[in-house]
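**Student:** the following block contains a protein sequence and its predicted model.
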Amino acid sequence: MIVFLTFVASALALFAEGKYIVSIVRGKTKPNFSGWLIFTVSMVCVLVSAYTLGARDSLILIATFTGLHFIVALLSLKYGFVRFSRVDIFFLLLSAASILLWFQTENAWYTLILNVLIDMFGYATIATKLYRNPGTEDTSAWAISIAAYTLNLIVIARWIPQEYLFSLSNVIWCGIIFFLSLRTVPTNRREI
C-alpha cells in the first residue's frame with residue numbers, strides 16, 4: 001500500500017508540474033529562473049544526501065520533483081523572469097559548498113540540512129516575485145503540490161528527519177505560495 005501511495009504522490013507531482021508547465025507556455029505563469037535553478041540544484045543535493053542517510057520512502061517524490069523543476073528552470077529562461085541577485089549566487093555556491101563539506105566531514109547531514117534551507121530560499125524568491133507580481137503563478141498547480149507532499153508525509157513508514165524534513169518544509173512553502181497566488185492583480189483603484 002505504501003508503494004502505491006508513493007506512486008500516487010508522484011503522479012500528483014507530474015500532474016501539478018504538468019499544469020504548471022502548460023501555464024508557463026500559455027503565458028499565465030511567469031517563473032523566476034533563479035528560484036527554479038536553486039530548487040533544482042538543492043533538490044539534487046537533498047536527493048543524494050537523503051539516500052546516503054538511509055531515506056527510501058520519500059525518494060521517489062523528491063526525484064520526480066527534481067526532474068520536473070529542472071524542466072521549469074529551462075522554461076523560465078524563455079517564458080519567465082531571469083534575474084540573479086548576489087543572494088541567489090550565494091545560495092547556489094552554498095549548495096556546492098555543502099557537497100564539499102559532506103566530503104570533508106564524511107557527514108551527509110550537513111548537505112541535507114543546508115539544502116533544505118536553500119530550497120526554502122528558492123520558495124522565498126518565488127513568494128517574493130508573486131507578492132510583487134500578483135497573478136503570475138498557477139494556484140491549482142500549487143494546491144496539487146501541497147497534496148503530493150502531504151501524501152508523501154502520510155506514506156513515510158519511519159519518521160526520521162531524512163525522510164520527512166524535505167516534504168514537511170515543502171508542504172509549508174507550497175501553502176504560502178498557494179495563498180499568495182490567490183491574490184489578484186489590482187485594478188484601477190480610486191484614491192480616497
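**Tutor:** Yes, it's here.

**Student:** got the contact list for the helix or strand where residue 7 lies?
**Tutor:** Taking DSSP states H and E as the definition, residue 7 sits inside helix 2-25. For helix 2-25, the surrounding residues in contact (CB atoms under 8 Å, 6 or more residues apart in numbering) are 29-31, 57, 60-61, 64-65, 68-69, 71-72, 75-76, 79-80, 138, 140-142, 144-145, 147-149, 151-152, 154-155, 157. Any C-beta I mention is one placed from the backbone N, CA and C, and that applies to glycine too.

**Student:** what's the spacing between that helix and its chain's center?
**Tutor:** Distance, stretch centre to chain centre, for helix 2-25: 13 Å (CA atoms, centre = their mean, to the nearest Å).

**Student:** rewinding a little: of the contacts of helix 2-25, which belong to strands?
**Tutor:** With strands taken from DSSP state E, there is no overlap with the contacts of helix 2-25.

**Student:** mind telling me which residue is nearest the centre of the chain?
**Tutor:** Among the residues of the chain, the one closest to the centroid is residue 39, at 5.4 Å (CA atoms, centre = their mean).

**Student:** my read: that residue touches residue 73, true?
**Tutor:** Yes. Under the criterion of CB atoms under 8 Å, residue 39 makes contact with residue 73 at 7.3 Å.

**Student:** which stretches of the chain have low pLDDT?
**Tutor:** Within the chain, the stretches with pLDDT under 70 are 186-192.

**Student:** again, 50 this time
**Tutor:** Applying pLDDT under 50 to the chain flags the ranges 191-192.

**Student:** how about the helices in it?
**Tutor:** 2-25, 33-52, 59-79, 86-105, 108-132, 139-155, 161-181 (DSSP state H).

**Student:** what separation is there between residue 82 and residue 91?
**Tutor:** 16 Å (CB to CB, to the nearest Å).

**Student:** between these two, point out the one with more neighbours.
**Tutor:** The neighbour comparison of residue 82 against residue 91 (other CB atoms under 10 Å) goes to residue 91, with 26 against 12.

**Student:** my guess is that one contacts residue 123, does it?
**Tutor:** No. The criterion here is CB under 8 Å, and residue 91 misses it with residue 123 at 11.7 Å.

**Student:** residue 20 - how many residues pack around it?
**Tutor:** Residue 20 has 25 neighbours, counted by other CB under 10 Å.

**Student:** same question, residue 103
**Tutor:** 10.

**Student:** and it, how far from residue 97?
**Tutor:** Taking CB to CB, one finds residue 103 at 11 Å from residue 97.

**Student:** understood, closing this out.
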